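Chemist: Take a look and give me a structure for this.
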Amino acid sequence: MLSLLLLSLFLAVLHSILLLTKGYDLVEDYSGTTFFDDWDFYGGYDNLTLGDVVWLDRDQAYGQGLVYVNTVGNAILKVDNEHSVAFNQKRASVRIASKASYAVGSLWITDMVHIPYGCSVWPAFWTTGPTWPNDGEIDIMEGINLMDHNGMALHTLPGCMHLTPPNQMGHSEELDCSTPTGCVVAETKPNSYQAGFAAAGGGAFAAQFDVAGIFIWFWSRPDIPLSIMKAASSKLPVDMSDWGPPSASFPATTCNITQFFGPQKLVLDITLCGSWAAIPEFYLPTCGNSGPTGICYNDNVVGPGDGFNNAYFEIRYVHAYTTGGIAPTPTAAAVAVASPKTTSTQTPIGTQLAPSSLFYPDGAVGSYMERGAGTGLLSMLAGAVVVCLVCF
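Modeler: Modelled structure (predicted):
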C-alpha cells in the first residue's frame with residue numbers, strides 16, 4: 001500500500017512538472033517571404049476609427065510598395081510617403097487581419113524592429129472578435145503622434161473592469177473596459193514606442209489569452225528573454241518561466257474572459273488622424289507646431305508624403321502558440337463581414353478553458369514563483385524516486 005501511495009505521489013509530481021515545463025506549442029509562423037500569405041487585406045476606407053486613409057487591398061498594397069519583405073527577411077507595412085495628397089483626399093495605407101482565429105488558450109509573440117510613428121500616425125497591433133465589441137478587443141501595441149510609450153487596453157461590453165493587480169508593471173489609467181478608450185494600461189518600461197523603440201533595435205511584445213486573464217508583456221531588444229529567442233529560432237514550444245511580471249495584467253477576477261471575449265483575429269494597421277490622433281487634446285501638445293493650421297489632417301495628410309518616412313512597421317515575425325488547440329481548417333465558405341473586406345471563417349486555434357499552469361497571475365513575482373515551484377517539485381520528485389527505488 002505504501003508503495004502505491006508513493007507511486008501515486010511520484011506520478012502527481014511528474015504531471016505538475018510537465019505542466020510547468022511544457023510551454024506553448026507553435027501553431028502559426030508569420031515570417032519571411034510567406035509572411036503575408038495568411039492575412040486578409042482590408043481594401044477600403046477607414047470606416048472604423050475614421051482615419052484619413054484608404055487601406056489598400058492585397059494587389060494594390062503590393063503594387064504601390066506598401067507591403068513587401070525586405071532583404072533581411074523582415075516584413076514591411078507602411079503608409080504612402082511618396083505621393084502628394086490633395087485636399088479632401090485620403091492617403092494610402094494598410095490594414096491586415098489574420099485568416100486564423102485564436103480562442104482562449106492562445107499566446108502571441110511578435111518581434112518588431114520598427115514601429116510607425118510621427119504626427120498624425122496611429123499604428124496598432126491588436127486582436128478582435130467576430131463582432132465588435134461583443135466579442136472583445138485586445139490592444140497589444142498602440143500609440144499616436146509623438147507619444148513616448150506604448151498603450152495596452154481591452155475593449156468589451158459593459159461589465160468587464162480592470163483593477164490593478166500586484167503583478168502588473170504598467171500604470172493603470174481608465175478602469176472600465178466598456179468606455180470608448182477601453183481599460184488602459186500605459187507601459188512604464190523605456191523605449192516601448194516612437195524613436196526610442198527603433199534606436200534600441202526594436203523589441204518584442206507578447207500577449208497571453210487565458211481563461212485566468214489577459215496578460216501583455218514588452219521587452220526592449222536587450223531585454224528579450226532567452227526563451228523567446230530560442231523558441232523563435234527553433235520553432236519549438238516557448239517557455240514563459242523567464243518572462244517576469246507582465247506590463248499589463250487583466251485577471252479574470254474582474255472580467256470573465258470567456259463571457260466578454262470570443263475567438264480573436266490578429267490585426268496590424270496604420271491609420272492617420274481619426275478619432276484619437278486628431279483630437280486636439282492629444283494632437284496639439286506634441287504636434288501643434290507641425291503645420292500652420294494646427295489641424296491634424298490639414299498639416300500632415302495633405303501635401304507631400306515625406307512626413308511619413310517613419311510611418312512603417314518592420315517585423316521579424318508574429319508567432320501564434322496554443323496550449324492544446326489544433327491548426328485552423330477552412331470551412332466550406334467564407335463569410336463576408338462588410339464589403340469590401342476580405343474575410344474567412346476558420347476553426348479557432350486554442351481550446352484551453354482551464355487556467356493555464358504556465359503563469360500564475362496572483363503576485364508581483366508570478367513567473368519567478370513558478371520557477372521556484374518547479375525547483376521544489378524537482379526536489380520532491382528526486383526524493384520520491386529514491387523512496388520508490390527503496391520500496392521496489
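Chemist: The residue nearest the centre of the chain and Phe308, how far apart?
Modeler: Closest to where the C-alpha atoms of the chain average out (CA atoms, centre = their mean) is Ile140, at 3.9 Å. Distance check for Ile140 against Phe308: by CB to CB, to the nearest Å, it reads 23 Å. For every residue, glycine as well, the C-beta is placed using N, CA and C.
Chemist: Same question for Gly23.
Modeler: 39 Å.
Chemist: What of Asn191?
Modeler: From Asn191 to Phe308 the distance is 22 Å (CB to CB).
Chemist: Tell me where the chain has helices.
Modeler: Secondary structure of the chain (DSSP state H): helices at 2-21, 58-63, 194-199, 226-234, 257-260, 274-277, 280-287, 296, 366-391.
Chemist: export the fifth one as PDB, just CAs?
Modeler: What follows is helix 257-260, C-alpha atoms only, in PDB (Å, rounded to 0.1, in the frame of the first residue of the first chain):
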ATOM      1  CA  ILE A 257     -12.700  36.200 -20.200                       C
ATOM      2  CA  THR A 258     -15.000  33.600 -21.800                       C
ATOM      3  CA  GLN A 259     -18.000  35.900 -21.300                       C
ATOM      4  CA  PHE A 260     -16.500  39.000 -22.900                       C
END
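Chemist: related to what we said a few turns ago, per-residue pLDDT, the residue nearest to the centre of the chain?
Modeler: On pLDDT, Ile140 comes in at 98.
Chemist: Tell me, please, the helix or strand in this structure that averages the lowest pLDDT.
Modeler: helix 366-391 (a mean of 33; mean pLDDT, DSSP states H and E).
Chemist: okay, and for this protein, where does confidence drop off?
Modeler: For the chain, the stretches flagged by pLDDT under 70 are 1-22, 324-347, 349-392.
Chemist: how does it look with 80?
Modeler: 1-23, 324-392 (pLDDT under 80).
Chemist: Just give me the longest strand of it.
Modeler: In the chain, assigned by DSSP state E, the strand with the most residues is strand 312-322.
Chemist: Tell me how far that one lies from the chain's centre.
Modeler: 9 Å (CA atoms, centre = their mean, to the nearest Å).
Chemist: Please apply the same query to stretch 263-283.
Modeler: 15 Å.
Chemist: Kindly report the same for stretch 216-234.
Modeler: On CA atoms, centre = their mean, the centre of stretch 216-234 falls 14 Å from that of its chain.
Chemist: Just the buried positions in that stretch, please.
Modeler: 216-221, 224-225, 227-228, 231-232 (16 or more other CB atoms under 10 Å).
Chemist: which among the residues you listed gets closest to His149?
Modeler: Phe218 (9.5 Å; CB to CB).
Chemist: close enough to count as contact, the closest one and Ser247?
Modeler: Yes: in this structure, Phe218 is within contact of Ser247 by CB atoms under 8 Å, at 5.1 Å.
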